[in-house]
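> turn this into a model:
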Amino acid sequence: MAQVTIRSQWGLIALVSLLAPATAFSEPTPPEWRSPADARPATPGVEAVAEPPVAPEAPAPSPAPKPSVSLPDWLSLGAEYRVQTLHIQPLDLNGTDARRASYTEQRLRLDLGLNVPNFGVSLITQFDFLDGVLFGDNGDWGGKPSPSSGLGITSRWPNAAGWTVGLLPGRDPLNPDSYGATLQGIEPFRINRAYGKVVLPFGMIQVGRQPSSAGPGMSIHDGSRSNRWGVSRYAYSSDRFLFATKISELWRMIQLGKDYVKDASFDDGLFLALAYDWVVNDNITLASDDLHQAVGMLQYKAKDPSWLGGPGRKLTAQIAVANRFGKEFNTSVWVIPMSLELDAGRVRFLAEFSTQFGSTREISEGLAALRESDPARRQIRDQTIRAFGARGVLDVDIGPVTATLEVDFASGDDDPRDDTPLTTFNFAHDTNVGLLLFEHVLAFQSARSAAVGIENLRNLGSRSFPITELASEGRFHNSIALFPQVQYRPLPWLSTRAGVLMAWAAKPVVDPIMTLLNEDGDRIDDDAVNWNGGRPARYYGTEVDLQVEFNWKNHFLWTLEGAVLFPGAALRDESGDAVTSFMIQNRFTFVF
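Sure, this is the predicted structure:
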């Protein structure tokens, strides 16, 4: 089965996430203003795949400072504005419609919190402005989007337009090659989060639309500026009821008796978190169409363990069990993620693993329509889900140089039929692996195929659209990657980074839509094609990434990144062709 998921944007790849129980016995932390240095949090989190948000702590991306402006205790404020210019040539390795792509996009993110000093009560919000909006006054007059004037030479102000993969004018909607870069209108303002938090003597309660994770991780990401390569683009949030507490304090109370002194720290001890998410409500008079998720999580943190070298060292271990369940499509999907992080000063190590298993009929509702156009003959099945992913990152500091070895794995699937198990695993959108292959090339190829599938399902009157999850949108999936990197910091305000990404598919690369449309018998392997119409293969190719960053007082970052992709057999078309692709991007980031 292909990389399709359940109902929500994350579906199978995400089940439940928790926010920081670590603050259960402490004063409330500033509402969701986190510097990139803080973005590798001391707080537990699990999301849709209930994935730990822990990431390697050093070398962190250019750290943002604590605000230098003095704010009153009742107010928390953070802001980031970035402008990024990209040039990719070509975006489509096998066609002629996207030989080059050049554009400048922007985003302003504002974190705003109101606090009741000394009472542990906070109201926390996050807003995005102009997210993905292109520079310029773009579009056709009277169309969608429409510019401010019918003449470019008389344009008075830019509009809110972005780009997406859409059907090109006059083309066949059932052919992937008919889809390319098109303009779309973008909402200039979005509320990502709005929730309340209270810290009580026995724990923390958090209610509302809150982050799906307390930080970055393999399968879920809070959207913080924590990537070593590229940018974070999303802000995963959940409508949630959360309770978290530091249960190691109970043991200390029993053990120490009258000598007990409360330990309010959140970097040492054992923490428990429980959460419930209302994923889908739909008809408020029915319960059968609701989709729910629940999670329980334990996290252990050790501060300054002697066996790691004492002061400044730390250990974090985390495990969670999550379940997403609902009656409408007989859905029950379990996720068990775990992580281990060691910081021994000059040597740091992060390991993450997550497994997903269960079943649902929701995917089969859509794919059965692709396999059989006659509704009376369609077979809707409970499809088994069985997928897993893993990640390891080792950092070693040698003076001003940090050597990194990163290994990533996400299970894949070369049989897109709904009567076989779904085994594709997706990393989080903002857990970037490299700059070009996954972020742009595979994102473009999979989006074209997804568009064909959606067009077919719309014509067939399907009530389930699992194909929306087929587009990878930059996620690392169906891959085994080896990614050695090196960072050099000659000056406090200047850093350079280089890496070589070598990627293989866990299973031969298959375009699920075109393969299903080609199905003509009991066997699927003789009908299978890759994203470009070629034969399925395993080697994606080799990518070389470079980065130079100038950091002015941690409030202004100027980043220049480049990549070159040498495509492998998995990216070649039916003629065996695929051209080398180049990318360069320039980014200005302003941090308050």
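> what's the lengthiest helix in the chain packed up against?
Using DSSP state H, we find that the single longest helix of the chain is helix 442-460. Packing partners of helix 442-460 (3 or more C-beta pairs under 8 Å, 6 or more residues apart in numbering; DSSP states H and E): strand 161-167, strand 179-185, helix 362-371, helix 512-518. In this view, the C-beta of every residue, glycine as well, is placed from N, C-alpha and C.
> highest mean neighbour count out of the ones you listed?
With neighbours taken as mean count of other C-beta atoms under 10 Å, these reach their highest mean count in helix 362-371, at a mean of 24.
> next helix or strand past it?
Using DSSP states H and E, the next helix or strand after helix 362-371 towards the C-terminus is strand 383-398.
> give me the buried positions along the helix or strand following that next one.
Heading C-terminal from strand 383-398, the first helix or strand you meet, by DSSP H and E, is strand 401-410. Of the residues in strand 401-410, 402, 404, 406, 408-410 count as buried by neighbour count, 16 or more other C-beta atoms under 10 Å.
> just to revisit the earlier point, now the longest helix of the chain: buried residues?
Within helix 442-460, judged by 16+ other C-beta under 10 Å, the buried ones are 442-457, 460.
> below-threshold pLDDT in the chain: ranges please.
In the predicted model, the chain carries pLDDT under 70 at residues 1-69, 366, 369-375, 458-468.
> kindly recompute the last result at 80.
1-69, 214-215, 264-265, 310, 364-380, 453-469, 519-522 (pLDDT under 80).
> circling back: which of the buried residues of strand 401-410 sits closest to Pro536?
Nearest to Pro536, judged by C-beta to C-beta, of the buried residues of strand 401-410 is Ala410 at 16.8 Å.
> ok, for Phe476, nearest residue in space, not its chain neighbours?
Nearest non-adjacent residue to Phe476, counting by C-beta to C-beta, 6 or more residues apart in numbering: Phe427, 4.0 Å away.
> ok, Val279 next?
Excluding the flanking residues, the one nearest Val279 by C-beta to C-beta, 6+ apart is Leu291, at 4.2 Å.
> just give me the neighbour total for that neighbour.
Burial measure for Leu291: 23 neighbouring residues, criterion other C-beta atoms under 10 Å.
> that one contacts Gly326, correct?
Yes - using C-beta atoms under 8 Å, Leu291 is in contact with Gly326, at 3.8 Å.
> quickly list what's touching both of these two.
279-280 (C-beta atoms under 8 Å, 6 or more residues apart in numbering).
> host element of Leu174?
Leu174 belongs to no helix or strand, assigned by DSSP H and E.
> check contacts around it.
So Leu174 contacts 452, 455-456 (C-beta under 8 Å, 6+ apart).
> rewinding a little: closest to Leu437 among the buried residues of strand 401-410?
Using C-beta to C-beta, Asp408 is the member of the buried residues of strand 401-410 that sits closest to Leu437, with 12.0 Å.
> for the closest one, give me its contacts.
Contacts of Asp408 (C-beta under 8 Å, 6+ apart): 389-391, 427, 433, 476, 479-481, 483.
> circling back to that earlier point, dump the contacts of Leu174 to a markdown table, plus distance to Ile247.
Formatted as a markdown table, these follow (distance: C-beta to C-beta, whole Å):
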| residue | distance to Ile247 |
| --- | --- |
| Val452 | 51 |
| Glu455 | 52 |
| Asn456 | 51 |
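> quick check: phi and psi on Lys303?
Reported as degrees, to the nearest 10, the phi and psi values for Lys303 are phi -100, psi 130.
> identify the bridge partners of it.
Lys314 (DSSP bridges).
> hmm, Asp263 and it touching each other?
No - in this structure Lys303 lies outside contact range of Asp263 using C-beta under 8 Å: 10.3 Å.
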